[in-house]
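Chemist: A structural model of the following input is requested.
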Amino acid sequence: MVGCWFGDGATSEGDWHEGLNFSGIHRLPVVWFCENNKYAISVPQSKQMAVKDVASRAEAYGFEGVVADGNDPLACYEVSRRAVDKAREGGGPTLVEFKTYRFFPHTSDDDDRTYRSREEVDEAKANDPLKVFAEYLKDQGLADDERIEATRVEVKAGIDADVEAAWNDPDPESESAFRYVFAEDE
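Modeler: Below you'll find the model as predicted:
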């Protein structure tokens, strides 16, 4: 089973369509995960595609497309679990679209004020999935403020350590750029 993750902007690229077409024809065990944050860098979805849902494109390639609330961890888990199980059981590919929002500019060079208002961003931040899910966990009696903060600190420390390790790893040898690209004699 293979999982492929990408943003909504990637779905405007030809190789994305080729990959979906190939996986549909051959009924490959692939789950295509689209994080649709409404903007392909600075271009709103309405200017990059004529469909409401990226997931609807799956039908053109002969397999199922599913839309989920990308701000709801339980919904994301459920649709992902079903798609992965289906792929593992021989049911072919699935395109899963997570509808979410990007709170910050796409890159450090991106001035997102040129294509979206501060009000739009503030409205989305009011539904920050980390805060909403934390409240859900507290309401269910599964966590309290101390546990949530401890988890946040633990996760941040893990990410910081991984980033530091990546920065400190040696650069790969230049010859490795060709590895696994062309057939090699055995």
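Chemist: Quick check: beta-bridge partners of the residue nearest in space to the middle of the chain?
Modeler: Centre of the chain computed as the mean C-alpha position; nearest residue by C-alpha atoms, centre = their mean is residue 35, 3.6 Å away. Beta bridges link residue 35 to residue 7, residue 98 when assigned by DSSP bridges.
Chemist: isn't it right next to residue 71, touching?
Modeler: No - in this structure, residue 35 is not within contact of residue 71 by C-beta atoms under 8 Å, at 11.2 Å. For the C-beta atoms, the positions are set from N, CA and C on the backbone; glycine is no exception.
Chemist: joint contacts of these two?
Modeler: By the contact definition C-beta atoms under 8 Å, 6 or more residues apart in numbering, residue 35 and residue 71 are jointly contacted by residue 100.
Chemist: For the chain, which segments count as strands?
Modeler: Assigned by DSSP state E, the strands in the chain fall at 2-7, 30-36, 39-40, 43-44, 64-69, 94-99.
Chemist: Packed most tightly, which of the ones you listed would that be?
Modeler: strand 94-99 (a mean of 24; mean count of other C-beta atoms under 10 Å).
Chemist: Summarise which helices and strands it is packed against.
Modeler: strand 30-36, strand 64-69, helix 73-88 (3 or more C-beta pairs under 8 Å, 6 or more residues apart in numbering; DSSP states H and E).
Chemist: hey, C-alpha coordinates of that strand in PDB?
Modeler: C-alpha atoms of strand 94-99 as PDB (Å, rounded to 0.1, in the frame of the first residue of the first chain):
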ATOM      1  CA  THR A  94      -9.000   6.300  -3.300                       C
ATOM      2  CA  LEU A  95      -8.600  10.000  -3.500                       C
ATOM      3  CA  VAL A  96      -9.100  11.600   0.000                       C
ATOM      4  CA  GLU A  97      -9.600  15.400   0.200                       C
ATOM      5  CA  PHE A  98      -9.100  17.100   3.500                       C
ATOM      6  CA  LYS A  99     -10.800  20.500   3.500                       C
END
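Chemist: still on that earlier bit, dump the strands of the chain into JSON lines; add mean pLDDT as well.
Modeler: Converted to JSON lines, these look like this (pLDDT from 0 to 100):
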{"stretch": "strand 2-7", "mean pLDDT": "97"}
{"stretch": "strand 30-36", "mean pLDDT": "98"}
{"stretch": "strand 39-40", "mean pLDDT": "92"}
{"stretch": "strand 43-44", "mean pLDDT": "92"}
{"stretch": "strand 64-69", "mean pLDDT": "98"}
{"stretch": "strand 94-99", "mean pLDDT": "98"}
